[in-house]
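> Below are the sequence and a predicted model; questions follow.
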Amino acid sequence: MAYPAVLGALAVILVYLACLAPTGQWGIVAAAGLLPAAAVISVGLKAGFLCWAGAAVLTLLLAPDKFCALLFAALFGLYPMVKSLTEGLRKKPVEYLLKLAFFNAAFTVLYLTMASAMLGSLPEALGSSVWVLYLAANVVFLAYDYGFGRLIAVYIARVQRAVH
């Protein structure tokens, strides 16, 4: 129980730092999403959900920039558990369909609740048309998913042994 709590506290710190950063907020919040993934890998899926839930509540309460908090709560913090559940199916087309469905649902929540904050942090060309924004976001998400998978492999190979 302590390990997911420590990881959740570190996620809160990263999201708070993202609020203070002049640039790179999305990247810092994405890095905070690695911490629930570590909880899933080391302790299990329930621990990942507890890590995410605790960190999400605290960031929504404490973070000065609610966009960063919502970005973590709706997308990057929850995605490690979604990834774990979908990849457990072992059927690539279904996995990618479910991952993209989750991403588009989370992205829509972010867009509908914080459109001005979201569009303010993106290049102007992406804000000109909603379908261009979604197309670019889906491409970036697929690249993120690939990179996230590689980082998980590095965590399993190097960090998890040291932690245990």
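Good, I have the coordinates. Numbers count the residues shown, from 1 in each chain.
> other SSEs contacting the helix or strand hosting Cys51?
Applying DSSP states H and E as the criterion places Cys51 in helix 45-62. Applying 3 or more Cβ pairs under 8 Å, 6 or more residues apart in numbering; DSSP states H and E, one finds that helix 45-62 contacts helix 2-20, helix 34-42, helix 66-71, helix 79-87. Glycine gets a C-beta too; all of them are placed from N, C-alpha and C.
> isn't Trp52 right next to Tyr79, touching?
No - here Trp52 lies out of contact with Tyr79, judged by Cβ atoms under 8 Å, at a distance of 9.2 Å.
> May I see the buried residues of stretch 24-37?
25-26, 28-37 (16 or more other Cβ atoms under 10 Å).
> tilt between the helix or strand containing Trp26 and helix 45-62?
When elements are defined using DSSP H and E, Trp26 is found to belong to helix 25-32. Counting by axes from the mean of the first three to the mean of the last three Cα atoms, to 10 degrees, helix 25-32 points 140 degrees away from the direction of helix 45-62.
> What's the mean pLDDT across helix 25-32?
Averaging pLDDT along helix 25-32 yields 94.
> Next, the angle from it to helix 2-20.
Relative orientation of helix 25-32 and helix 2-20, computed by the same axes, to 10 degrees: 170 degrees.
> Pull the residues that contact helix 25-32.
10-11, 14-15, 17-19, 21, 55, 65, 67-68, 71-72, 76-77, 121, 144 (Cβ atoms under 8 Å, 6 or more residues apart in numbering).
> Could you dump the buried residues of stretch 24-37 into a markdown table with distance to Leu45 added?
As requested, those are exported to a markdown table (distance: Cβ to Cβ, whole Å):
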| residue | distance to Leu45 |
| --- | --- |
| Gln25 | 28 |
| Trp26 | 25 |
| Ile28 | 25 |
| Val29 | 22 |
| Ala30 | 20 |
| Ala31 | 21 |
| Ala32 | 19 |
| Gly33 | 15 |
| Leu34 | 16 |
| Leu35 | 15 |
| Pro36 | 10 |
| Ala37 | 11 |
